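>>> A predicted structure for the sequence below; I have some questions about it.
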Amino acid sequence: MKRAEGNPGKRSLENVIELPPLKVFPKAPAGIGKYARQFWNHQGRAIFNVGLLTDVDLPAWQLLCESYQRMRTAQDKLGDRTMMEITPSGSKKHPLLAIIHQEYGLMAGMMKEFGMTPVSRERVRNEKGPATDELDDLMKAHN
């Protein structure tokens with residue numbers, strides 16, 4: 001990855017292990033939820049197609065997909081409810097907002113690792129060049 005990023009730190013790359021990208025897009029693991037499976041297949045296909053998914057990335061990719069599952073499930077459960085709850089001691093934020101916020105944070109950090117944010121895509125390179133076009137199109141389609 002350092003070679004692909006242009007070695008920004010200028011450290012020696014003699015001992016850096018380059019892992020080959022996957023040759024076949026992997027099926028989503030059994031037992032993950034509907035939203036996680038959709039994320040795995042759609043966004044995973046995009047990073048696979050630009051050569052940024054290796055075998056050792058799969059556990060981290062699954063964690064990102066499961067975080068997306070938890071965030072979407074919490075959003076569904078929150079639905080049209082008010083963001084505040086009235087309790088005997090006063091009003092407070094709905095508890096599901098904490099889950100949504102936590103998963104957003106986890107997802108944002110993990111998405112950077114996979115080159116799925118605008119700034120991280122500027123750094124991510126592979127033999128095909130910048131990993132921007134397909135990922136940019138994918139992110140625009142979901143906004």
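Looks like it arrived, so ask away. Just so it is clear, the model here is predicted, and its values are computed rather than measured.
>>> which stretches in the chain count as helices?
Taking DSSP state H as the criterion, the chain carries its helices at 34-49, 58-78, 95-113, 118-123, 133-141.
>>> so which residue is smack in the middle of this structure?
Taking Cα atoms, centre = their mean as the criterion, Met111 is the residue nearest the geometric centre of the chain, at 3.5 Å.
>>> could you measure from it over to Leu78?
22 Å (Cβ to Cβ, to the nearest Å). C-beta coordinates here come from the backbone N, C-alpha and C atoms, glycine included.
>>> for the residue nearest to Met71 when sequence neighbours are not counted, report the pLDDT, please.
Distances taken as Cβ to Cβ, 6 or more residues apart in numbering place Glu103 nearest to Met71, at 3.6 Å, with adjacent residues excluded. Listed pLDDT for Glu103 reads 96.
>>> let's have the helices of the chain in JSON lines, adding distance to Phe25.
Below are the helices of the chain laid out as JSON lines (distance: least, Cβ to Cβ, whole Å):
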{"stretch": "helix 34-49", "distance to Phe25": "5"}
{"stretch": "helix 58-78", "distance to Phe25": "11"}
{"stretch": "helix 95-113", "distance to Phe25": "19"}
{"stretch": "helix 118-123", "distance to Phe25": "20"}
{"stretch": "helix 133-141", "distance to Phe25": "13"}
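>>> so which of the ones you listed is nearest Val24?
The closest of the helices of the chain to Val24 is helix 34-49. By Cβ to Cβ, the value is 8.9 Å.
>>> run through the residues that contact Ile32.
Counting by Cβ atoms under 8 Å, 6 or more residues apart in numbering, Ile32 makes contact with Trp40, Gln62, Cys65, Glu66, Gln69.
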